[in-house]
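A.B. asks: can you look at this prediction? I've put the sequence above it.
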Amino acid sequence: QVQVVESGGRLVEAGGSLRLSCAASGRTSSRYVMGWFRQAPGKEREFVASVSESGGTTRYADSVKGRFTISRDNAKNTVYLEMNSLKPEDTAVYYCYAYIVTTPSRYWGQGTQVTVSS
């Protein structure tokens, strides 16, 4: 079993910055693809960004390219989402996941609320 815990969500003004953190624990012998989805009120959950096990490959949704940066610290099994130039449409609950390719299994965190005021 893998536990995923996010932190860092809060209220921020438009144009501001925020960094989310996500720590994975359990099955530490496994390597995880990690990433973020988000879900705004009344909308479906959507992909935001992901990073490969090694950290060498990243992917982003078109809506966040150039503004968000995902990175990871494998020594801490932690992934970060640096969010800049935030817009009100970035308001959502952000969910972190850890994905074990070999199983395959995906584990989700409980979510952290990001609210961007205009």
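C.D. replies: Ah, there it is. Residues are numbered from 1 along each chain as shown.
A.B. asks: and residue 44, what element?
C.D. replies: According to DSSP states H and E, residue 44 maps onto no helix or strand at all.
A.B. asks: how much space between it and residue 4?
C.D. replies: 20 Å (CB to CB, to the nearest Å). For every residue, glycine as well, the C-beta is placed using N, CA and C.
A.B. asks: mind listing what's buried in stretch 32-47?
C.D. replies: By neighbour count with 16 or more other CB atoms under 10 Å, stretch 32-47 contains the buried residues 32-38.
A.B. asks: pull that stretch out as PDB, backbone CA atoms only.
C.D. replies: Output of stretch 32-47 as PDB, limited to C-alpha atoms (Å, rounded to 0.1, in the frame of the first residue of the first chain):
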ATOM      1  CA  TYR A  32       6.600   5.900  -8.800                       C
ATOM      2  CA  VAL A  33       5.500   8.100 -11.600                       C
ATOM      3  CA  MET A  34       4.000  11.000  -9.800                       C
ATOM      4  CA  GLY A  35       1.800  13.800 -10.800                       C
ATOM      5  CA  TRP A  36      -1.200  16.100 -10.300                       C
ATOM      6  CA  PHE A  37      -4.800  16.300 -11.400                       C
ATOM      7  CA  ARG A  38      -7.200  19.000 -10.400                       C
ATOM      8  CA  GLN A  39     -11.000  19.300 -10.100                       C
ATOM      9  CA  ALA A  40     -12.900  22.600 -10.100                       C
ATOM     10  CA  PRO A  41     -16.500  22.800  -8.900                       C
ATOM     11  CA  GLY A  42     -18.900  21.300 -11.400                       C
ATOM     12  CA  LYS A  43     -16.100  20.000 -13.600                       C
ATOM     13  CA  GLU A  44     -14.400  16.700 -14.200                       C
ATOM     14  CA  ARG A  45     -11.000  16.000 -12.800                       C
ATOM     15  CA  GLU A  46      -8.300  17.000 -15.300                       C
ATOM     16  CA  PHE A  47      -4.600  16.200 -15.700                       C
END
